[in-house]
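J.: what follows is a predicted structure for the sequence shown.
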Amino acid sequence: RRTPRVLYPTLASVALVAFQGWLGAVVVSTDLKPIMVTLHMVLALVIASFLIYDTLEAYYLTRRAESDRAAYPAKASRWIGGLWILSIVQVVLGTEVRSGAETAARAFPLWSSLKWLGQVGATYHLHMTIGVLLAVATLFVAYSIFKLSEKPTLMVRWCLWSLIILVSAQVIFGIAFMVSGLTALLQLFHLWGASLYIGFTLVLISALGKSGEQLVQSSKGIRPAVALTALAVILMTVGAQGVIGQAEKSRQVQELYDLPAFSFVDQNGAPFGLEEMKGKINVVDFFFTSCHGPCPVMVVRFEEFYQKFAHSDKVRLVSITVDPEVDSLPRLREYAAAHGVADDR
């Protein structure tokens, strides 16, 4: 209680946790509205940042001896502070991308995850670009601090290596999203990685700020490094766009031929042909009601599709009997009713 820099952030954390509980209820009541999800995430990171700051201040009240022998580049704390700000922005953008993709998935359930991301628009491309920039900047800053420091503490060395490992993992996750889509498990690890990265930058800022001496380094070599960083960002961005293009191309369905005109009848005796199929996504199979081979398996899959796309009038499931002499209209109606068909989908 006698140390305000420990006391006040602790009290702020208590108040913010209570507010976060209320905000969580609001997020649910607004049906996961993207802006509310983003605010909820940002507040969580702020609370975690306060707690990390408290822990570090308490730690360094009794651990000054080791850090007093260390010396770091004059602007090292500012470099890491820039990474912290950039990572917060990246998490905010990532939350917006995820919410936007989920909204697109509900509206277009048959699309690939890359098309869902395409619906997000500029936010998605900005998230990718900043991710590449953050990865390159992290490697550059970590290398610079390692090279220019004198007797860096164990805390600083661990934090720098942690940032390198985490940012490398984030790049791998990003490539995995392009190739395999937005799987839930990868999204979870991606967010964990980002949150840990933010935490380690805070620890590193505090560790650098507690040193006994700050080195004043020459600016020689900075301009070539900036130029190389810019070139790396451009090359990585172009490469990422190429991966996206190839992944999207591999998901495109080949157009084989045009369906010729035909005219049948449905189980209710109404005409059904090519004209009735136009304007919808038609999934077609061929069966007969007395089949005991693959037909029951196909019917089970059709029932799953029928339930999954109950919200959409654009998806139609068409089963054509290959045994019309046995499969009379009454028999087809009975068969359809037995499998829960209640409309013309």
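T.: Yep, that arrived.
J.: CA only for contacts and neighbour counts going forward, please
T.: OK.
J.: how about the helices in the stretch 201-345 of the chain?
T.: For the stretch 201-345 of the chain, the helices defined by DSSP state H, counting those that start in this stretch occupy 222-251, 274-277, 295-308, 329-338.
J.: do the stretch 1-150 of the chain as well
T.: Counting by DSSP H, counting those that start in this stretch, the helices of the stretch 1-150 of the chain are 4-29, 34-60, 64-68, 76-107, 113-120, 122-148.
J.: compare these and report which one is nearest to Leu329.
T.: Closest to Leu329 of these, according to CA to CA: helix 76-107, at 35.2 Å.
J.: now do the buried residues in the closest one.
T.: For helix 76-107, the neighbour count (16 or more other CA atoms under 10 Å) marks 76-77, 79-81, 83-84, 86-88, 90-105 as buried.
J.: and what of stretch 126-141?
T.: So, applying 16+ other CA under 10 Å, buried residues of stretch 126-141: 127-141.
J.: only C-alpha atoms, please: export that stretch in PDB.
T.: The C-alpha trace of stretch 126-141 is given here as PDB (Å, rounded to 0.1, in the frame of the first residue of the first chain):
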ATOM      1  CA  LEU A 126      -4.300  -4.500 -43.500                       C
ATOM      2  CA  HIS A 127      -4.100  -7.300 -40.900                       C
ATOM      3  CA  MET A 128      -1.800  -9.400 -43.200                       C
ATOM      4  CA  THR A 129       0.400  -6.400 -44.000                       C
ATOM      5  CA  ILE A 130       0.900  -5.400 -40.400                       C
ATOM      6  CA  GLY A 131       1.600  -9.000 -39.500                       C
ATOM      7  CA  VAL A 132       4.400  -9.200 -42.000                       C
ATOM      8  CA  LEU A 133       5.800  -5.800 -40.800                       C
ATOM      9  CA  LEU A 134       5.600  -6.900 -37.100                       C
ATOM     10  CA  ALA A 135       7.400 -10.200 -37.900                       C
ATOM     11  CA  VAL A 136      10.300  -8.400 -39.700                       C
ATOM     12  CA  ALA A 137      10.500  -5.600 -37.100                       C
ATOM     13  CA  THR A 138      10.600  -8.100 -34.200                       C
ATOM     14  CA  LEU A 139      13.600  -9.900 -35.800                       C
ATOM     15  CA  PHE A 140      15.300  -6.700 -36.500                       C
ATOM     16  CA  VAL A 141      14.800  -5.200 -33.000                       C
END
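J.: for the record, mean pLDDT for that stretch?
T.: Per-region confidence: stretch 126-141 scores 88 on mean pLDDT.
J.: same check on stretch 280-287?
T.: Stretch 280-287 comes out at a mean pLDDT of 92.
J.: pull out the buried positions in it.
T.: For stretch 280-287, burial by neighbour count (16+ other CA under 10 Å) applies to Phe287.
J.: so how far is it from its chain's centroid?
T.: 33 Å (CA atoms, centre = their mean, to the nearest Å).
J.: who's in contact with that stretch?
T.: Stretch 280-287 is contacted from outside by Cys295, Met298, Asp313, Lys314, Val315, Arg316, Leu317, Val318, Ser319, Ile320, Thr321, Val322, using CA atoms under 8 Å, 6 or more residues apart in numbering.
J.: show me the contacts for the third one.
T.: Right, Asp313. Contacts of Asp313 by CA under 8 Å, 6+ apart are Lys280, Arg345.
J.: hey, which helix or strand in this protein has the poorest pLDDT?
T.: strand 213-215 (a mean of 54; mean pLDDT, DSSP states H and E).
J.: pLDDT below threshold where in the stretch 151-300 of the chain?
T.: 181, 211-253 (pLDDT under 70).
J.: just the strands in it please.
T.: For the stretch 151-300 of the chain, applying DSSP state E, counting those that start in this stretch gives strands covering 213-215, 263-265, 271-273, 281-287.
J.: nearest approach to Val179 belongs to which of those?
T.: Taking the strands of the stretch 151-300 of the chain one by one with CA to CA, strand 281-287 is closest: 25.4 Å.
J.: could you give the angle of that closest one to helix 295-308?
T.: Here the directions of strand 281-287 and helix 295-308 differ by 160 degrees (axes from the mean of the first three to the mean of the last three CA atoms, to 10 degrees).
J.: in its sheet, what does strand 281-287 sit against?
T.: Using DSSP bridges, the strands paired with strand 281-287 are strand 315-321 (parallel).
J.: and the partner strand, how far out from the chain's middle?
T.: Counting by CA atoms, centre = their mean, strand 315-321 is centred 35 Å from the centre of its parent chain.
J.: what mean pLDDT does that strand have?
T.: On average, the pLDDT along strand 315-321 is 93.
J.: that one to helix 329-338, inter-axis angle?
T.: 140 degrees.
J.: CSV for the strands of the stretch 151-300 of the chain, including distance to Ile35?
T.: As requested, the strands of the stretch 151-300 of the chain are arranged in CSV below (distance: least, CA to CA, whole Å):
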stretch, distance to Ile35
strand 213-215, 41
strand 263-265, 50
strand 271-273, 46
strand 281-287, 33
